[in-house]
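Colleague: Below are the sequence and a predicted model for it; my questions follow.
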Amino acid sequence: MLVRAEDSPVPVVDTTLLHTAAAVNAAFADREIVTTRVFDAPREFMFKAWTDPDQLAHWWGPMGFTNTFQELDMRPVGIWRFTAALDITTLAG
């Protein structure tokens with residue numbers, strides 16, 4: 001269910017209603033992320049880099065962030081839930 005925040009013209013999602021993968025999929029049916037890039041590497045290597053949480057944690061997100069993956073279900077209705085945390089001591093220089 002989409003709701004509008006009183007102070008914002010941008011629609012936001014009421015996440016309390018998103019209890020199942022089907023509900024999440026329905027709420028975001030009109031949104032899609034498409035990433036295209038050509039790598040000089042075997043297809044199996046690249047697939048594992050995107051789908052293995054241990055490998056993904058090493059390169060996903062901005063430099064200085066630590067990634068923890070709670071769920072990584074790459075099926076079309078799957079859920080990708082992770083935490084990206086910044087160690088603020090790295091900002092001190």
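Modeller: All right, it came through fine. Numbering: from 1, shown residues only.
Colleague: Can you report phi and psi for the nearest residue to Gly61 once chain neighbours are set aside?
Modeller: The shortest distance from Gly61 to any non-neighbouring residue, by Cβ to Cβ, 6 or more residues apart in numbering, is to Ala84 (4.8 Å). Just so you know, the C-beta spots here come from the backbone N, C-alpha and C atoms, and that holds for glycine as well. Note on Ala84: its backbone torsions stand at phi -110, psi 120 [degrees, to the nearest 10].
Colleague: what sits against Ala84?
Modeller: Counting by Cβ atoms under 8 Å, 6 or more residues apart in numbering, Ala84 touches 60-62, 65-67.
Colleague: Which ones among the residues you listed map onto helices?
Modeller: Residues of the contacts of Ala84 located in helices (DSSP state H): none.
Colleague: Tell me the one among those residues nearest to Trp80.
Modeller: Closest approach between the contacts of Ala84 and Trp80, by Cβ to Cβ: Trp60, at 10.2 Å.
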